[in-house]
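S.K.: this is a predicted model, with the sequence first.
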Amino acid sequence: MNYQQTLEYLYSQLPMYQRIGAAAYKKDLSRTLELDKYFGHPHKRFKSIHIAGTNGKGSVAHSLASILQEAGYRVGLYTSPHYLDFRERIRINGQMVSQDYVVSFVGENKPYFERVKPSFFEMTVAMAFKYFADEQVDIAVVEVGMGGRLDSTNIITPLVSVITNIGYDHMQFLGNTLADIAREKAGIIKPYVPVVIGSMPAGVQNVFLEVAAQKDAPIYLAANNYSVENAYMTSNGKLAFSVYHRGEIYYKDLKFGLVGQYQKMNIPVILQTIDVLRQSPYFEVDDRALSQGLEKVVDNTGIMGRWQIISHMPLIVCDAGHNQDGIRQVVNQINFQSFDSLYFIFGAVNDKDLSSILRLLPRDAKYYFVRSSVDRSLPAQKLREQALVYGLQGKAYDSVSEAIDQALQKAKDNDMIFIGGSTFVVADALKYFNEKGF
(Lines give C-alpha, C1' and ligand atoms only; values in the text may rest on other atoms or scores of the structure.)
Protein backbone atom coordinates (compact mmCIF):
# COMPACT_ATOMS: atom_id res chain seq x y z
CA MET A 1 0.00 0.00 0.00
CA ASN A 2 1.11 3.56 -0.62
CA TYR A 3 0.44 6.36 1.89
CA GLN A 4 -2.96 7.32 0.51
CA GLN A 5 -4.09 3.70 0.39
CA THR A 6 -2.86 3.25 3.96
CA LEU A 7 -4.95 6.21 5.13
CA GLU A 8 -8.00 4.89 3.31
CA TYR A 9 -7.50 1.57 5.06
CA LEU A 10 -7.22 3.27 8.44
CA TYR A 11 -10.31 5.38 7.94
CA SER A 12 -12.53 2.75 6.32
CA GLN A 13 -11.56 -0.46 8.11
CA LEU A 14 -11.12 0.66 11.68
CA PRO A 15 -13.66 2.19 14.06
CA MET A 16 -12.84 5.86 14.46
CA TYR A 17 -14.47 8.18 16.98
CA GLN A 18 -13.78 11.17 14.77
CA ARG A 19 -16.03 9.74 12.07
CA ILE A 20 -18.63 7.57 13.76
CA GLY A 21 -18.74 8.67 17.39
CA ALA A 22 -19.88 6.30 20.14
CA ALA A 23 -19.36 3.07 18.20
CA ALA A 24 -15.58 3.64 18.30
CA TYR A 25 -15.47 4.09 22.07
CA LYS A 26 -13.99 1.18 24.01
CA LYS A 27 -14.96 0.72 27.66
CA ASP A 28 -11.67 -0.77 28.83
CA LEU A 29 -7.96 -0.79 28.06
CA SER A 30 -7.65 -4.51 27.32
CA ARG A 31 -7.04 -4.05 23.61
CA THR A 32 -4.60 -1.21 24.20
CA LEU A 33 -2.67 -3.42 26.61
CA GLU A 34 -2.71 -6.25 24.09
CA LEU A 35 -1.28 -3.95 21.40
CA ASP A 36 1.32 -2.66 23.83
CA LYS A 37 2.46 -6.20 24.62
CA TYR A 38 2.58 -7.13 20.93
CA PHE A 39 4.91 -4.20 20.18
CA GLY A 40 7.18 -4.90 23.15
CA HIS A 41 5.88 -2.26 25.59
CA PRO A 42 7.37 0.73 23.73
CA HIS A 43 5.93 3.25 26.21
CA LYS A 44 8.41 2.00 28.82
CA ARG A 45 11.33 3.16 26.68
CA PHE A 46 10.79 6.92 26.98
CA LYS A 47 9.83 9.44 29.66
CA SER A 48 6.56 11.29 29.27
CA ILE A 49 4.15 14.02 30.32
CA HIS A 50 0.43 13.13 30.24
CA ILE A 51 -2.17 15.86 29.64
CA ALA A 52 -5.96 15.67 30.05
CA GLY A 53 -8.67 18.31 30.30
CA THR A 54 -11.83 19.52 28.61
CA ASN A 55 -10.19 22.53 26.96
CA GLY A 56 -6.62 23.74 26.69
CA LYS A 57 -4.88 20.38 26.67
CA GLY A 58 -3.70 20.74 23.08
CA SER A 59 -2.31 24.24 23.65
CA VAL A 60 -0.57 23.11 26.84
CA ALA A 61 0.83 19.99 25.14
CA HIS A 62 2.27 21.92 22.20
CA SER A 63 3.68 24.60 24.51
CA LEU A 64 5.45 22.12 26.77
CA ALA A 65 6.87 20.31 23.73
CA SER A 66 8.13 23.61 22.32
CA ILE A 67 9.78 24.60 25.60
CA LEU A 68 11.53 21.24 25.97
CA GLN A 69 12.64 21.41 22.35
CA GLU A 70 14.16 24.85 23.01
CA ALA A 71 15.92 23.33 26.01
CA GLY A 72 17.73 21.00 23.62
CA TYR A 73 15.79 17.78 24.05
CA ARG A 74 14.40 15.38 21.46
CA VAL A 75 10.68 15.68 22.11
CA GLY A 76 7.85 13.46 20.91
CA LEU A 77 4.39 15.00 20.71
CA TYR A 78 1.18 13.01 20.42
CA THR A 79 -2.06 14.97 19.91
CA SER A 80 -5.46 14.56 18.30
CA PRO A 81 -7.35 15.10 16.12
CA HIS A 82 -5.51 16.25 13.00
CA TYR A 83 -6.52 19.00 10.58
CA LEU A 84 -4.83 18.50 7.21
CA ASP A 85 -2.70 15.37 7.53
CA PHE A 86 -2.98 12.31 9.76
CA ARG A 87 0.72 12.65 10.55
CA GLU A 88 0.10 15.85 12.55
CA ARG A 89 -0.82 13.53 15.43
CA ILE A 90 2.72 12.16 15.80
CA ARG A 91 5.69 14.54 15.78
CA ILE A 92 9.26 14.73 16.99
CA ASN A 93 10.65 18.24 17.45
CA GLY A 94 7.82 19.52 15.29
CA GLN A 95 8.48 17.17 12.37
CA MET A 96 5.62 14.86 11.46
CA VAL A 97 6.18 11.13 11.35
CA SER A 98 7.20 10.13 7.82
CA GLN A 99 4.74 8.68 5.33
CA ASP A 100 7.06 5.68 4.98
CA TYR A 101 6.83 4.92 8.71
CA VAL A 102 3.01 5.06 8.66
CA VAL A 103 2.88 2.82 5.59
CA SER A 104 5.33 0.26 6.96
CA PHE A 105 3.73 0.21 10.42
CA VAL A 106 0.30 -0.55 9.00
CA GLY A 107 1.50 -2.84 6.21
CA GLU A 108 3.75 -5.00 8.35
CA ASN A 109 1.12 -5.45 11.06
CA LYS A 110 -2.04 -5.55 8.97
CA PRO A 111 -2.76 -9.28 9.52
CA TYR A 112 -2.49 -8.74 13.28
CA PHE A 113 -4.76 -5.67 13.19
CA GLU A 114 -7.39 -7.49 11.17
CA ARG A 115 -7.41 -10.28 13.72
CA VAL A 116 -7.48 -8.06 16.83
CA LYS A 117 -9.60 -5.24 15.29
CA PRO A 118 -8.33 -2.27 17.31
CA SER A 119 -10.02 1.08 17.03
CA PHE A 120 -8.42 3.83 14.99
CA PHE A 121 -7.36 5.59 18.16
CA GLU A 122 -5.93 2.45 19.79
CA MET A 123 -3.83 1.72 16.75
CA THR A 124 -2.68 5.33 16.36
CA VAL A 125 -1.52 5.44 19.98
CA ALA A 126 0.39 2.19 19.44
CA MET A 127 2.00 3.69 16.34
CA ALA A 128 2.99 6.84 18.22
CA PHE A 129 4.50 5.00 21.17
CA LYS A 130 6.47 2.63 18.93
CA TYR A 131 7.72 5.55 16.83
CA PHE A 132 8.86 7.50 19.89
CA ALA A 133 10.66 4.41 21.20
CA ASP A 134 12.23 3.62 17.81
CA GLU A 135 13.44 7.22 17.49
CA GLN A 136 14.73 7.32 21.08
CA VAL A 137 13.04 10.54 22.16
CA ASP A 138 14.16 12.05 25.45
CA ILE A 139 10.56 12.72 26.44
CA ALA A 140 7.10 12.51 24.88
CA VAL A 141 4.26 14.93 25.57
CA VAL A 142 1.10 12.83 25.29
CA GLU A 143 -2.36 14.37 25.03
CA VAL A 144 -5.38 12.33 26.11
CA GLY A 145 -7.89 11.78 23.34
CA MET A 146 -11.01 11.84 25.51
CA GLY A 147 -11.60 11.51 29.23
CA GLY A 148 -8.61 9.91 30.88
CA ARG A 149 -9.29 6.74 32.86
CA LEU A 150 -10.19 4.63 29.80
CA ASP A 151 -8.21 6.55 27.21
CA SER A 152 -5.72 4.50 25.19
CA THR A 153 -2.88 6.78 26.24
CA ASN A 154 -3.47 5.91 29.91
CA ILE A 155 -0.98 3.05 30.02
CA ILE A 156 1.96 5.41 30.54
CA THR A 157 3.46 6.34 33.89
CA PRO A 158 4.58 9.92 33.27
CA LEU A 159 6.95 12.22 35.13
CA VAL A 160 4.00 14.54 35.66
CA SER A 161 0.26 14.37 34.95
CA VAL A 162 -1.56 17.53 33.90
CA ILE A 163 -5.29 18.29 33.96
CA THR A 164 -6.02 21.68 32.42
CA ASN A 165 -9.68 22.23 33.31
CA ILE A 166 -13.08 20.56 33.48
CA GLY A 167 -16.16 21.44 31.46
CA TYR A 168 -19.16 19.82 29.84
CA ASP A 169 -18.18 17.71 26.83
CA HIS A 170 -18.62 14.06 25.74
CA MET A 171 -21.17 13.58 28.52
CA GLN A 172 -22.51 10.39 26.90
CA PHE A 173 -19.17 8.79 27.80
CA LEU A 174 -17.84 10.74 30.77
CA GLY A 175 -20.88 11.57 32.90
CA ASN A 176 -23.47 14.30 33.25
CA THR A 177 -21.97 16.30 36.12
CA LEU A 178 -18.66 18.14 36.36
CA ALA A 179 -17.71 15.89 39.27
CA ASP A 180 -18.36 12.76 37.18
CA ILE A 181 -16.32 14.16 34.30
CA ALA A 182 -13.55 15.14 36.72
CA ARG A 183 -13.37 11.59 38.09
CA GLU A 184 -12.89 10.21 34.58
CA LYS A 185 -10.09 12.69 33.89
CA ALA A 186 -8.58 12.04 37.32
CA GLY A 187 -8.02 8.51 36.07
CA ILE A 188 -4.66 9.66 34.65
CA ILE A 189 -3.36 10.39 38.16
CA LYS A 190 -0.80 7.70 39.02
CA PRO A 191 0.57 6.65 42.42
CA TYR A 192 3.37 8.95 43.60
CA VAL A 193 3.40 10.89 40.29
CA PRO A 194 3.01 14.69 40.64
CA VAL A 195 -0.14 16.15 39.12
CA VAL A 196 -0.71 19.76 38.01
CA ILE A 197 -4.28 21.05 38.08
CA GLY A 198 -5.59 24.09 36.23
CA SER A 199 -8.27 26.51 37.41
CA MET A 200 -11.33 24.60 38.65
CA PRO A 201 -14.52 25.26 40.61
CA ALA A 202 -14.02 24.29 44.25
CA GLY A 203 -16.29 21.23 44.06
CA VAL A 204 -14.40 19.87 41.05
CA GLN A 205 -11.01 20.68 42.55
CA ASN A 206 -11.91 18.55 45.57
CA VAL A 207 -12.27 15.51 43.30
CA PHE A 208 -8.63 15.84 42.27
CA LEU A 209 -7.45 16.53 45.80
CA GLU A 210 -9.21 13.37 46.94
CA VAL A 211 -7.84 11.14 44.17
CA ALA A 212 -4.32 12.57 44.54
CA ALA A 213 -4.43 11.89 48.29
CA GLN A 214 -5.57 8.29 47.71
CA LYS A 215 -2.63 7.73 45.37
CA ASP A 216 -0.03 9.70 47.34
CA ALA A 217 0.44 11.90 44.29
CA PRO A 218 1.82 15.39 45.02
CA ILE A 219 -0.72 17.89 43.68
CA TYR A 220 -0.02 21.42 42.45
CA LEU A 221 -2.87 23.90 41.97
CA ALA A 222 -1.40 26.12 39.27
CA ALA A 223 -3.78 29.04 39.80
CA ASN A 224 -2.70 29.28 43.46
CA ASN A 225 0.88 29.90 42.39
CA TYR A 226 0.69 31.77 39.09
CA SER A 227 -1.48 34.53 37.68
CA VAL A 228 -1.40 36.40 34.38
CA GLU A 229 -2.13 40.11 34.00
CA ASN A 230 -1.72 43.03 31.56
CA ALA A 231 -2.13 40.99 28.38
CA TYR A 232 -1.61 42.88 25.12
CA MET A 233 -0.69 42.24 21.49
CA THR A 234 2.84 43.05 20.33
CA SER A 235 3.61 44.72 17.00
CA ASN A 236 4.71 41.38 15.53
CA GLY A 237 1.48 39.59 16.47
CA LYS A 238 2.39 37.84 19.71
CA LEU A 239 0.38 37.82 22.94
CA ALA A 240 2.43 39.39 25.75
CA PHE A 241 1.65 39.53 29.45
CA SER A 242 3.05 39.83 32.94
CA VAL A 243 3.23 36.73 35.12
CA TYR A 244 3.01 36.86 38.88
CA HIS A 245 4.19 34.08 41.18
CA ARG A 246 2.39 34.16 44.51
CA GLY A 247 1.72 37.87 44.09
CA GLU A 248 5.25 38.89 43.04
CA ILE A 249 6.19 39.80 39.46
CA TYR A 250 7.94 36.78 37.95
CA TYR A 251 8.07 37.40 34.20
CA LYS A 252 7.50 40.79 32.60
CA ASP A 253 6.39 40.95 28.96
CA LEU A 254 6.45 37.18 28.45
CA LYS A 255 5.42 36.52 24.84
CA PHE A 256 3.23 33.68 23.57
CA GLY A 257 2.77 32.61 19.97
CA LEU A 258 -0.86 31.53 20.62
CA VAL A 259 -2.75 34.81 20.60
CA GLY A 260 -6.21 33.97 21.97
CA GLN A 261 -6.88 35.87 25.17
CA TYR A 262 -8.16 32.60 26.67
CA GLN A 263 -4.57 31.34 26.64
CA LYS A 264 -4.11 33.29 29.88
CA MET A 265 -5.73 30.32 31.62
CA ASN A 266 -3.20 27.89 30.17
CA ILE A 267 -0.04 29.82 31.10
CA PRO A 268 -0.17 29.03 34.85
CA VAL A 269 -0.57 25.32 34.00
CA ILE A 270 2.41 25.40 31.63
CA LEU A 271 4.65 27.24 34.10
CA GLN A 272 3.67 24.99 37.01
CA THR A 273 4.40 21.90 34.94
CA ILE A 274 7.85 23.23 34.01
CA ASP A 275 8.48 23.86 37.72
CA VAL A 276 7.67 20.23 38.47
CA LEU A 277 9.95 19.01 35.65
CA ARG A 278 12.75 21.17 37.00
CA GLN A 279 12.52 19.22 40.26
CA SER A 280 13.24 15.95 38.44
CA PRO A 281 16.84 14.84 37.87
CA TYR A 282 16.25 14.34 34.15
CA PHE A 283 15.56 17.73 32.60
CA GLU A 284 17.02 21.21 32.83
CA VAL A 285 14.88 24.03 31.47
CA ASP A 286 16.26 27.56 31.81
CA ASP A 287 14.25 30.76 31.44
CA ARG A 288 15.54 31.32 27.90
CA ALA A 289 14.13 27.95 26.77
CA LEU A 290 10.85 28.72 28.50
CA SER A 291 10.40 32.16 26.94
CA GLN A 292 11.59 31.06 23.49
CA GLY A 293 9.45 27.95 23.62
CA LEU A 294 6.31 29.93 24.36
CA GLU A 295 7.03 32.59 21.75
CA LYS A 296 7.94 30.09 19.00
CA VAL A 297 5.32 27.44 19.78
CA VAL A 298 3.61 27.70 16.37
CA ASP A 299 6.86 27.44 14.41
CA ASN A 300 8.25 24.70 16.67
CA THR A 301 5.22 22.41 16.78
CA GLY A 302 2.93 23.34 13.88
CA ILE A 303 -0.09 23.83 16.15
CA MET A 304 -3.24 24.90 14.29
CA GLY A 305 -6.82 25.86 15.05
CA ARG A 306 -6.29 28.00 18.16
CA TRP A 307 -7.44 31.53 17.29
CA GLN A 308 -5.58 31.05 14.03
CA ILE A 309 -5.52 34.29 12.05
CA ILE A 310 -5.72 33.61 8.30
CA SER A 311 -6.05 37.19 7.08
CA HIS A 312 -6.26 40.71 8.47
CA MET A 313 -8.27 42.45 5.71
CA PRO A 314 -10.86 41.20 6.34
CA LEU A 315 -9.93 39.62 9.64
CA ILE A 316 -10.40 35.86 9.16
CA VAL A 317 -10.04 33.63 12.23
CA CYS A 318 -10.43 29.88 12.75
CA ASP A 319 -10.84 28.41 16.22
CA ALA A 320 -11.63 24.81 17.11
CA GLY A 321 -13.46 25.57 20.39
CA HIS A 322 -16.47 23.25 20.27
CA ASN A 323 -18.02 22.91 23.72
CA GLN A 324 -19.72 25.30 26.11
CA ASP A 325 -16.56 26.59 27.79
CA GLY A 326 -14.62 26.73 24.54
CA ILE A 327 -17.34 28.67 22.73
CA ARG A 328 -17.69 31.07 25.67
CA GLN A 329 -13.99 31.89 25.42
CA VAL A 330 -14.25 32.30 21.65
CA VAL A 331 -17.15 34.75 21.98
CA ASN A 332 -15.25 36.72 24.62
CA GLN A 333 -12.32 36.96 22.21
CA ILE A 334 -14.60 38.08 19.36
CA ASN A 335 -15.95 40.83 21.62
CA PHE A 336 -12.34 41.93 22.12
CA GLN A 337 -11.93 42.56 18.34
CA SER A 338 -12.76 45.68 16.33
CA PHE A 339 -14.79 45.18 13.14
CA ASP A 340 -17.79 46.58 11.28
CA SER A 341 -19.73 43.40 10.46
CA LEU A 342 -19.29 39.83 11.73
CA TYR A 343 -19.72 36.87 9.38
CA PHE A 344 -19.98 33.67 11.42
CA ILE A 345 -19.40 30.31 9.69
CA PHE A 346 -20.59 27.66 12.13
CA GLY A 347 -21.00 23.89 12.16
CA ALA A 348 -21.34 21.15 14.76
CA VAL A 349 -21.30 17.39 15.18
CA ASN A 350 -24.58 15.57 15.65
CA ASP A 351 -24.00 14.37 19.24
CA LYS A 352 -23.50 17.80 20.85
CA ASP A 353 -25.91 19.48 23.27
CA LEU A 354 -26.25 22.57 21.09
CA SER A 355 -28.63 24.46 23.38
CA SER A 356 -25.80 25.35 25.77
CA ILE A 357 -23.67 26.56 22.86
CA LEU A 358 -26.15 28.38 20.63
CA ARG A 359 -27.39 30.60 23.45
CA LEU A 360 -23.83 31.97 23.81
CA LEU A 361 -23.39 33.04 20.18
CA PRO A 362 -23.70 36.73 19.18
CA ARG A 363 -27.10 37.55 17.71
CA ASP A 364 -25.91 40.43 15.56
CA ALA A 365 -23.73 38.25 13.31
CA LYS A 366 -24.55 37.07 9.79
CA TYR A 367 -24.57 33.26 10.05
CA TYR A 368 -23.47 30.64 7.54
CA PHE A 369 -24.53 27.25 8.91
CA VAL A 370 -22.42 24.45 7.47
CA ARG A 371 -21.96 20.72 7.43
CA SER A 372 -18.34 19.58 7.56
CA SER A 373 -17.01 16.68 5.51
CA VAL A 374 -17.14 14.06 8.32
CA ASP A 375 -20.05 11.69 8.80
CA ARG A 376 -20.83 12.90 12.32
CA SER A 377 -21.50 16.44 11.17
CA LEU A 378 -25.01 17.78 11.83
CA PRO A 379 -26.84 18.66 8.59
CA ALA A 380 -26.67 22.40 8.01
CA GLN A 381 -30.42 22.85 7.66
CA LYS A 382 -31.06 21.12 11.03
CA LEU A 383 -28.42 23.34 12.61
CA ARG A 384 -30.05 26.43 11.08
CA GLU A 385 -33.45 25.41 12.47
CA GLN A 386 -32.05 24.94 15.98
CA ALA A 387 -30.18 28.26 15.77
CA LEU A 388 -33.36 30.14 14.84
CA VAL A 389 -34.76 29.30 18.27
CA TYR A 390 -31.98 31.47 19.74
CA GLY A 391 -32.45 34.34 17.31
CA LEU A 392 -29.49 33.44 15.09
CA GLN A 393 -30.27 34.27 11.48
CA GLY A 394 -28.53 32.82 8.45
CA LYS A 395 -28.46 30.38 5.56
CA ALA A 396 -27.49 26.72 5.38
CA TYR A 397 -24.64 25.48 3.19
CA ASP A 398 -23.70 21.94 2.26
CA SER A 399 -19.97 22.58 2.62
CA VAL A 400 -17.57 24.80 4.51
CA SER A 401 -15.87 25.91 1.30
CA GLU A 402 -19.17 27.13 -0.20
CA ALA A 403 -19.88 29.18 2.92
CA ILE A 404 -16.39 30.70 2.89
CA ASP A 405 -16.79 31.65 -0.77
CA GLN A 406 -20.06 33.42 0.02
CA ALA A 407 -18.68 35.19 3.09
CA LEU A 408 -15.60 36.40 1.21
CA GLN A 409 -17.82 37.92 -1.46
CA LYS A 410 -19.72 39.91 1.18
CA ALA A 411 -17.06 40.87 3.70
CA LYS A 412 -15.30 44.24 3.48
CA ASP A 413 -11.77 44.96 4.65
CA ASN A 414 -12.96 46.15 8.07
CA ASP A 415 -15.21 43.14 8.68
CA MET A 416 -14.51 39.85 10.48
CA ILE A 417 -15.12 36.28 9.33
CA PHE A 418 -15.06 33.71 12.11
CA ILE A 419 -15.03 29.97 11.34
CA GLY A 420 -15.61 27.35 14.04
CA GLY A 421 -17.99 25.29 16.15
CA SER A 422 -16.23 22.02 15.37
CA THR A 423 -12.69 20.78 14.85
CA PHE A 424 -13.86 19.34 11.54
CA VAL A 425 -15.26 22.67 10.32
CA VAL A 426 -11.88 24.22 11.05
CA ALA A 427 -10.11 21.35 9.27
CA ASP A 428 -12.23 21.90 6.15
CA ALA A 429 -11.55 25.64 6.33
CA LEU A 430 -7.80 25.21 6.70
CA LYS A 431 -7.77 22.87 3.71
CA TYR A 432 -9.68 25.50 1.70
CA PHE A 433 -7.29 28.31 2.63
CA ASN A 434 -4.28 26.09 2.01
CA GLU A 435 -5.50 25.27 -1.49
CA LYS A 436 -6.32 28.93 -2.20
CA GLY A 437 -2.84 30.04 -1.12
CA PHE A 438 -3.84 32.17 1.89
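M.R.: Perfect, thanks for sending it.

S.K.: from here on, just use CA atoms for contacts and neighbour counts.
M.R.: OK.

S.K.: residue contacts, residue 265?
M.R.: 198-199, 228 (CA atoms under 8 Å, 6 or more residues apart in numbering).

S.K.: give me the contacts around the longest helix anywhere in the chain.
M.R.: As assigned by DSSP state H, the longest helix anywhere in the chain is helix 99-116. Helix 99-116 has contacts (CA under 8 Å, 6+ apart) with 1-3, 6, 31, 87, 127.

S.K.: by contact count, what packs against the host helix or strand of residue 212?
M.R.: Using DSSP states H and E, residue 212 sits within helix 202-214. Using 3 or more CA pairs under 8 Å, 6 or more residues apart in numbering; DSSP states H and E, the elements in contact with helix 202-214 are helix 178-185.

S.K.: return the residues in contact with residue 139.
M.R.: 46-49, 73-76.

S.K.: now with 10 Å, please.
M.R.: By CA atoms under 10 Å, 6 or more residues apart in numbering, residue 139 lies in contact with 45-49, 65, 68-69, 73-77, 92, 132-133, 158-159, 282-283.

S.K.: again, but for residue 385
M.R.: 369, 392-396.

S.K.: helix, strand or coil for it?
M.R.: Using DSSP: H, G, I helix; E, B strand; the rest coil, the structure places residue 385 in helix.

S.K.: run the angle between the helix holding residue 212 and helix 178-185 for me.
M.R.: Interaxial angle, helix 202-214 versus helix 178-185 (axes from the mean of the first three to the mean of the last three CA atoms, to 10 degrees): 30 degrees.

S.K.: what pairs with whichever helix or strand comes after helix 202-214, parallel or antiparallel?
M.R.: The helix or strand immediately downstream of helix 202-214 is strand 219-221, counting by DSSP H and E. According to DSSP bridges, strand 219-221 has the following sheet partners: strand 195-197 (parallel).

S.K.: now the helices: where do they sit in the stretch 251-400 of the chain?
M.R.: In the stretch 251-400 of the chain, the segments counted as helices under DSSP state H, counting those that start in this stretch are 267-279, 287-295, 297-301, 324-336, 355-358, 380-388, 400-410.

S.K.: now the longest helix of the chain: mean pLDDT?
M.R.: Mean pLDDT, computed over helix 99-116, is 96.

S.K.: if I look at the most centrally placed residue in the chain, how far off is residue 204?
M.R.: For the chain, residue 58 is the residue whose C-alpha lies nearest the centre (CA atoms, centre = their mean; 3.1 Å). Using CA to CA, to the nearest Å, residue 58 is found at 21 Å from residue 204.

S.K.: next: residue 10.
M.R.: Residue 10 is 37 Å from residue 204, by CA to CA.

S.K.: picking that back up, which among the helices of the stretch 251-400 of the chain is found nearest to residue 421?
M.R.: Closest of those to residue 421 is helix 324-336, at 7.4 Å (criterion: CA to CA).

S.K.: quick one: distance of the closest one to the chain centre.
M.R.: In terms of CA atoms, centre = their mean, to the nearest Å, the centre of helix 324-336 is found 16 Å from the chain centre.

S.K.: that helix: which residues count as buried?
M.R.: By neighbour count on 16 or more other CA atoms under 10 Å, the buried set for helix 324-336 is 324-330, 334.

S.K.: do stretch 218-235 as well
M.R.: 218-223, 226-228, 231-232.

S.K.: point out where the stretch 51-200 of the chain drops to low pLDDT.
M.R.: Residue ranges of the stretch 51-200 of the chain with pLDDT under 70: 168-176.

S.K.: I'd say the residue nearest to the centre of the chain and residue 162 touch.
M.R.: No: the pair residue 58 / residue 162 is not scored as a contact, 11.5 Å apart, by CA atoms under 10 Å.

S.K.: ok, then the element right after the longest helix of the chain?
M.R.: By DSSP H and E, the next helix or strand past helix 99-116 is helix 120-134.

S.K.: which secondary structure elements does that next one sit against?
M.R.: For helix 120-134, the elements it packs on are helix 3-13, helix 17-20, helix 30-38, strand 75-78, strand 90-92, helix 99-116, strand 139-143, judged by 3 or more CA pairs under 10 Å, 6 or more residues apart in numbering; DSSP states H and E.

S.K.: could you give me the average pLDDT of the first one?
M.R.: Meaning helix 3-13. Helix 3-13 comes out at a mean pLDDT of 86.

S.K.: orientation of that helix relative to helix 99-116 in degrees?
M.R.: 30 degrees.

S.K.: coming back round to it: report the two of the buried residues of stretch 218-235 separated the most.
M.R.: Farthest-apart pair in the buried residues of stretch 218-235 is 218 and 232; separation 34.1 Å (CA to CA).

S.K.: if we can go back for a sec, what residues are shared contacts of residue 58 and residue 162?
M.R.: The contact lists of residue 58 and residue 162 share 51-52, 143, where a contact means CA under 10 Å, 6+ apart.

S.K.: pick the one among those residues closest to residue 272.
M.R.: residue 51 (13.1 Å).
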